[in-house]
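Chemist: Need coordinates for the following:
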Amino acid sequence: MRVLNAFQSCSRGWRILLTALLLSCAGFALAQTDDSQGGGDNTSDPPARVARLSYASGDLGLMPSGSTDWSAADVNRPLTNGDKLSSGPDARAELDLGGASLRISGRSDIGVLNLNDQIGQFELTQGTLNITVRNLDQGATYEIDTPTLALVINQPGTFRVEVGANGNGTTVTPFDGGGIVYGENNAQREVFSGRSYQFGDSSLNNMTVSEIQGRDEFDAWCNDRDAQYANTTASSTQYVPSDVVGSQDLNQYGQFQQDEDYGTVWYPTTVVAGWAPYRYGHWVWIGPWGWTWVDASPWGFAPYHYGRWAFVRGRWGWIPCPPRVRPVYAPALVAFVGIGRGGPVGWFPLGPHEVYNPWYRASRNYYTNVNVTNIRITRNISQVTVINNIHNQYNFYREGRPITGVNYVNRDAPHAFTAVPAQAFASARSVQNNQLHLDPKQLANAPVVSPATLQRPLPTSFAPPRTGNARPLPAAGFNRQVVAVRPPAPAVAAAAAVHAGQPASNVRVLNVQPNAPRVVSGRSFPNRMEPAQPQAPPRPGAATLPQVPHFAPAQPAQQVQQAPHYTPPSREEPQAPHYLPRQPEVQQAPHYAPAQPTVQQAPRYVPPQPSFQQERERQAVMEQQQQQRFEAEQRARQEAEQRARQYEQQRQSMQPPRVIEAPREIQRAPAYQPEPYRYQAPPQYSRPEPPQQPHPQPQQNAPHPHYTPPSKNDNPQH
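Modeler: Here you go, the predicted model:
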């Protein structure tokens with residue numbers, strides 16, 4: 001036992017040493033500036049969007065990217081590529097993504113694989129996940145990767161994804177909207193709202209489709225959160241862009257007012273006396289940004305990562321970012337002041353028009369965008385002045401020189417300056433409990449510097465530790481493999497490499513082609529948008545299936561289509577799709593009136609699941625028969641065309657000799673016969689003979705000449 005404890009302590013010591021070395025290297029790399037980034041190289045820029053842990057209850061563990069141990073998950077914690085969450089029994093959590101919300105139930109494990117402006121990719125190794133997509137930009141998608149399949153969401157909607165504890169099988173339930181499920185060997189399946197799809201393997205062959213019977217407590221909680229978000233966000237969108245993460249909490253904990261100098265200003269209403277921004281919370285190290293502020297207030301996310309702060313008429317107010325512009329996330333919009341490494345670390349919030357200088361490497365485009373999208377133009381300053389200030393300070397930032405010649409308006413504001421010891425700053429401790437009460441005059445002449453020059457990260461800089469009585473969590477991360485359509489972010493593979501003995505990544509990218517035909521149960525279906533004329537009959541039949549869950553009365557209409565199947569089994573089946581627009585008239589026709597009640601009351605339709613499977617099998621057989629008939633007709637036509645061509649070729653090969661001989665005989669005959677035809681005298685004298693035979697005709701037509709008066713002849717006729 002002593003040997004085991006010694007081995008565990010030794011391995012723990014090696015992990016701490018390895019982590020410290022990695023962090024020291026990371027801090028040294030971030031302290032350096034990249035002189036080559038003078039243009040638009042954005043490959044090393046951090047993502048412009050993060051996920052916010054907006055709700056947490058119960059036992060919830062967080063494994064930050066680059067760490068090997070689980071830590072506490074605090075509300076308002078920014079989550080990015082490589083971060084993982086694990087919930088205990090009866091625990092729940094919510095991630096705010098700006099235009100979407102992702103929630104997990106108890107005993108669920110999720111990880112962030114790739115999160116930026118266009119992609120939101122997450123892995124679910126076990127448990128239950130609910131995602132509500134409210135709005136999507138053009139080309140943006142969300143992807144949920146499980147051990148069985150990958151769900152791609154490219155339109156707004158609400159989805160529930162479940163993975164069993166053993167990782168075998170995945171259930172996808174679209175409550176609203178639709179998506180595409182991808183599996184092995186380019187298998188693709190569209191899922192539609194109103195039904196639950198259970199897949200047993202990655203081939204998507206073992207599939208069970210059923211109607212949604214009811215919703216549990218987790219679904220009800222998700223609906224309540226969506227309704228609360230809709231009510232609180234409706235009035236704030238006119239002041240704050242909808243892409244600002246955490247904007248839904250502003251109306252509940254503050255109010256917007258108009259100011260003659262700064263325009264729209266938000267003032268918090270639930271703060272204590274002497275309150276100041278960036279004081280009630282703690283600092284953590286989150287790559288690739290580095291030092292990041294995590295606020296303790298329930299509304300403390302949007303005002304600390306977007307916009308600017310101003311001391312207006314005796315109180316602090318937050319100036320939102322410009323409307324109708326997608327803002328770029330920043331770890332903290334502050335300016336750091338210090339007296340050297342190891343000394344106290346101090347900071348104050350940036351003013352309305354002041355330029356934010358990142359303490360991490362960034363390109364010129366990122367440097368400009370993170371400032372332009374978070375500075376609102378007011379009457380006191382023009383946009384040209386802001387652009388000039390950004391350009392001038394970027395030269396200092398690129399060369400690694402301290403920013404000089406800037407008069408920060410909030411540096412001398414009441415309660416604006418906050419300082420803590422360096423050890424407390426780097427250990428994710430509470431700033432309020434470790435605040436140093438220094439005389440502002442002591443740091444009046446201290447320059448504004450980068451926090452990397454003040455304090456490098458420590459092994460305790462990632463997040464606060466978990467409580468001692470918390471449940472044990474796997475220290476090596478998620479070992480279960482998941483399949484994905486898109487590859488994860490490079491930071492995910494880099495973070496996985498830190499775990500000793502673990503592969504570079506547990507994500508296996510599928511070789512899929514989204515534009516290829518869908519393959520389900522070994523059968524190939526054309527794309528619904530494909531204008532293929534030969535397969536036109538099967539297309540309407542396949543299109544009616546997804547529309548059934550949207551309209552409950554549409555189920556009897558599908559059964560009416562079965563009636564022609566029993567009377568003429570061969571002729572009317574292929575004609576039904578051609579006359580699909582006339583189906584409503586057939587349903588209302590009096591001939592089918594007696595058949596409708598019997599079909600609706602048949603016991604087959606009481607259990608919805610068997611009836612749907614029977615309908616799928618029947619339509620599958622119909623489609624197969626129609627395809628076989630169409631192929632047989634095509635073969636028959638091709639054979640007939642080939643025979644016709646062969647016959648024409650044979651006829652053309654036989655006709656030329658006859659055609660050549662006949663013209664020669666005809667050409668010779670006129671050469672000797674023109675003289676008799678020209679000099680025949682009888683035809684000239686024989687012409688008067690025909691009039692002698694019809695000689696009586698002039699007598700019958702005698703009334704018509706001018707010998708008789710026309711009036712006498714007209715009256716008797718009339």
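Chemist: show me where pLDDT drops low in the stretch 151-300 of the chain?
Modeler: Across the stretch 151-300 of the chain, the ranges flagged by pLDDT under 70 are 234-235.
Chemist: try 90
Modeler: For the stretch 151-300 of the chain, the stretches flagged by pLDDT under 90 are 164-168, 212-215, 228-239, 241-243, 248, 270, 273-274.
Chemist: what do you get for the stretch 351-500 of the chain?
Modeler: 377-383, 400-405, 411-412, 414, 437-456, 459, 465-480, 490-500.
Chemist: So residue 145 versus residue 354, what's the distance?
Modeler: Taking Cβ to Cβ, to the nearest Å as the measure, residue 145 falls 41 Å from residue 354. Where C-beta positions appear, they are placed from N, C-alpha and C, glycine not excepted.
Chemist: More neighbours: which of these two?
Modeler: A direct count of neighbours by other Cβ atoms under 10 Å for residue 145 and residue 354 places residue 145 higher, at 32 against 21.
Chemist: so residue 144 makes contact with residue 120?
Modeler: No - using Cβ atoms under 8 Å, residue 144 is not in contact with residue 120; the gap is 9.3 Å.
Chemist: Just give the number of residues close to residue 259.
Modeler: When neighbours are defined as other Cβ under 10 Å, residue 259 has 15 of them.
Chemist: Which residue is the nearest non-sequential neighbour of it?
Modeler: residue 265 (4.9 Å; Cβ to Cβ, 6 or more residues apart in numbering).
Chemist: ok, that neighbour - contacts?
Modeler: Counting by Cβ atoms under 8 Å, 6 or more residues apart in numbering, residue 265 touches 256-259, 310, 312, 317-319.
Chemist: Reduced to three states, what does residue 101 come out as?
Modeler: Under DSSP: H, G, I helix; E, B strand; the rest coil, residue 101 falls in the strand class.
Chemist: Give the burial count for it, as a bare number.
Modeler: Residue 101 has 24 neighbouring residues, counting by other Cβ under 10 Å.
Chemist: which residues does the nearest residue to residue 253 once chain neighbours are set aside contact?
Modeler: Leaving aside its sequence neighbours, residue 253 sits nearest to residue 299 (Cβ to Cβ, 6+ apart; 4.0 Å). Shown in contact with residue 299 (Cβ under 8 Å, 6+ apart): 246, 249-250, 252-254, 268, 270.
Chemist: JSON lines for those, including neighbour count, distance to residue 472 and secondary structure?
Modeler: JSON lines is the format used below for these (neighbours: other Cβ atoms under 10 Å; distance: Cβ to Cβ, whole Å; DSSP: H, G, I helix; E, B strand; the rest coil):
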{"residue": "246", "neighbour count": "22", "distance to residue 472": "32", "secondary structure": "coil"}
{"residue": "249", "neighbour count": "22", "distance to residue 472": "33", "secondary structure": "helix"}
{"residue": "250", "neighbour count": "25", "distance to residue 472": "39", "secondary structure": "helix"}
{"residue": "252", "neighbour count": "14", "distance to residue 472": "37", "secondary structure": "helix"}
{"residue": "253", "neighbour count": "16", "distance to residue 472": "36", "secondary structure": "helix"}
{"residue": "254", "neighbour count": "20", "distance to residue 472": "40", "secondary structure": "strand"}
{"residue": "268", "neighbour count": "19", "distance to residue 472": "39", "secondary structure": "strand"}
{"residue": "270", "neighbour count": "11", "distance to residue 472": "37", "secondary structure": "coil"}
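Chemist: Just send the residues you listed back as TSV, with distance to residue 74 too.
Modeler: Output for the contacts of residue 299, formatted as TSV (distance: Cβ to Cβ, whole Å):
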residue	distance to residue 74
246	14
249	15
250	20
252	20
253	18
254	21
268	19
270	18
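Chemist: from the residues you listed, which single one is nearest residue 401?
Modeler: Nearest to residue 401 among the contacts of residue 299, counting by Cβ to Cβ, is residue 246 at 34.1 Å.
Chemist: so who does that closest one touch?
Modeler: Residues near residue 246 by Cβ under 8 Å, 6+ apart: 52, 54, 76, 96, 299, 301-302, 305.
Chemist: Just among those residues, which is most surrounded?
Modeler: Neighbour tally across the contacts of residue 246 (other Cβ under 10 Å): the maximum, 27 neighbours, falls on residue 301.
Chemist: Return the distance of it relative to residue 226.
Modeler: Distance from residue 301 to residue 226, by Cβ to Cβ: 19 Å.
Chemist: hmm, back to that, of the contacts of residue 265, which is the nearest to residue 110?
Modeler: Among the contacts of residue 265, and counting by Cβ to Cβ, the member closest to residue 110 is residue 318, at 30.9 Å.
Chemist: Quick check: bridge partners of that closest one?
Modeler: residue 266, residue 309 (DSSP bridges).
Chemist: what's the neighbour count on it?
Modeler: 24.
Chemist: can you tell me how far it sits from residue 237?
Modeler: Residue 318 sits at a distance of 16 Å from residue 237 (criterion: Cβ to Cβ).
Chemist: residues in contact with the nearest residue to residue 323 once chain neighbours are set aside?
Modeler: Excluding its sequence neighbours, the residue lying closest to residue 323 (Cβ to Cβ, 6+ apart) is residue 241, at 5.9 Å. By Cβ under 8 Å, 6+ apart, residue 241 lies in contact with 247, 321-327.
Chemist: what do you get for residue 312?
Modeler: Per Cβ under 8 Å, 6+ apart, neighbours of residue 312: 259, 261-262, 265.
Chemist: And the residues you listed, which two are furthest apart?
Modeler: The span of those, defined through Cβ to Cβ, is set by 261 and 265 at 9.1 Å.
Chemist: picking that back up, the contacts of residue 246: which two are farthest apart?
Modeler: 54 and 305 (13.1 Å).
Chemist: Distance check, residue 401 against residue 452.
Modeler: The value you get for residue 401 to residue 452, if Cβ to Cβ is used, is 15 Å.
Chemist: And those two? Which one has more around it.
Modeler: The neighbour comparison of residue 401 against residue 452 (other Cβ under 10 Å) goes to residue 452, with 21 against 10.
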